[in-house]
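# Turn this into a model:
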Amino acid sequence: MSNTETRPAEVKCGGGAEAARPADVEVLTARDVPLGGPRAMRVRRTLPQRARTLIGAWCFADHYGPDDVARTGGMDVAPHPHTGLQTVSWLFSGEIEHHDSLGTHARVRPGELNLMTGGRGISHSEVSTPDTTILHGVQLWVALPREHRDADSAFQHHVPDPVPLDGGEARVFLGSLAGDTSPVPTFTPLLGAELSLAPGAETVLRVDPAFEHGVLVDAGDVLVEDTAVQPAELGYTAPGRTTLTLTNRGAGTARLVLLGGPPFGEEIVMWWNFVGRSHNDIVQAREDWMTGSRFGEVRGYDGAPLPAPELPNVPLKPRGGAR
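Okay, here's the model as predicted:
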């Protein structure tokens, strides 16, 4: 998915400051962002924001739906570029057609991981399929560490099996949880999983104490430890925990997305669909996209690529980590 804001801020993130946080749960609220056009599908963005810009290497989190495609037109994101990151597509309902400059043509379906590595540069399009009536899911980005920021572009697909939890189940699409490990390799240690909890259920997960974690609530009356986290909010916990307790106090099934990783420890600059290490990195990536170099060509999309927004006349004031 593209960041379709017309005036995206340049964000300087990381550098290790985010690790020095208290052990209680920090609740991050989302902001609404349109994906373009008067009937635009809207997404709820919890990362990045002023309060927190990274959770491990997770640097971007959009949560959308349930979206009535007949009313909004669904998702139609024209070809756009990415550098220095990986995109993680995960659906709860509906289907998206993916084309990229590697020649990949894939369908994003519920419960199936589609992971695209941008590395030095890739471009892709995403369009909800004609038979999709309700579109619902998350789009996540992972920042690549310095030594792998120019990695070869790639596309990977994985269908995790459900694994049982006390009062629920998990689908582990990246990393390890509840005795299950995803076979998909990552450039930094990561955790990504969809969790469901039955009404009234409490589950205690064993987690890596080196990881910070984020619990994005899709549905349910949820406690993360003893803190209420509402749907569309993200509950953050700092490193140091060996367990994470999740409770569904509601009468319906709760659905959550659990993200984790060790504090990233590097500063990154993120603007539009690019992750770099300096303002000049972003300037060069934008120029390469607008001049038709570096990012290849997407075939299979009926329409023109997205133009890059205009850069500010001077670099915007960087925003740091958590406060």
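
# give me the number of residues near Thr245?
Thr245 has 13 neighbours, counted by other CB atoms under 10 Å. C-beta: built from backbone N, CA, C; applies to glycine.

# Who are the contact partners of it?
Residues near Thr245 by CB atoms under 8 Å, 6 or more residues apart in numbering: Glu202, Thr203, Val204, Leu205, Leu223, Val224, Glu225.

# quick one, what contacts the second one?
Taking CB under 8 Å, 6+ apart, we find Thr203 in contact with Leu165, Asp166, Gly167, Gly168, Leu195, Leu197, Thr245, Leu246, Thr247.

# tell me the phi and psi of it?
Main-chain torsions, Thr203, degrees, to the nearest 10: phi -130, psi 140.

# What's the local residue count around Met290?
There are 12 residues near Met290, going by other CB under 10 Å.

# what's the answer for the one 3 residues further on, then?
Residue neighbour count, defined by other CB under 10 Å, stands at 10 for Ser293.

# Across the sheet, point out what pairs with the nearest residue to Met75 once chain neighbours are set aside.
Leaving out its chain neighbours, the residue that sits closest to Met75 by CB to CB, 6 or more residues apart in numbering is Ser128, at 4.4 Å. Assessed by DSSP bridges, Ser128 has beta-bridge partners Ile96.

# what do you get for the one 10 residues further on?
Here Val138 shows beta-bridge partners His63, Trp90, assigned using DSSP bridges.

# picking up where we left off before, residues in contact with the residue nearest to Met75?
Val69, Gly74, Met75, Asp76, Gly94, Glu95, Ile96, Glu97, Leu135.

# ok, of these, which one's closest to Gly119?
Ile96 (21.8 Å; CB to CB).

# I'd guessed that closest one sits against Val77; true?
No: taking contacts as CB atoms under 8 Å, Ile96 lies outside contact range of Val77: 9.1 Å.

# any shared contact partners between the two?
By CB under 8 Å, 6+ apart, the residues touching both Ile96 and Val77 are Glu126, Val127.

# more crowded one of these two?
Between Ile96 and Val77, counted using other CB under 10 Å, Ile96 has the larger neighbour count: 24 against 20.

# separation between that one and Thr117?
Ile96 sits 18 Å away from Thr117, going by CB to CB, to the nearest Å.

# same question, Thr83
For Thr83 relative to Thr117 (CB to CB), the value is 11 Å.

# neighbour count winner among these two?
Using other CB under 10 Å as the criterion, Thr83 and Thr117 rank with Thr83 on top: 26 against 22.

# what residues are up against the more buried one?
Applying CB under 8 Å, 6+ apart to Thr83 gives the contacts Gly118, Gly119, Arg120, Gly121, Arg149, Asn273, Phe274, Val275, Gly276, Asp281, Ala285.

# same thing with Gly94?
65, 67, 69, 74, 110, 128-129, 132-137.

# The stretch 1-150 of the chain: helices as residue ranges?
69-72 (DSSP state H, counting those that start in this stretch).

# low pLDDT regions in it?
1-23, 36-40 (pLDDT under 70).
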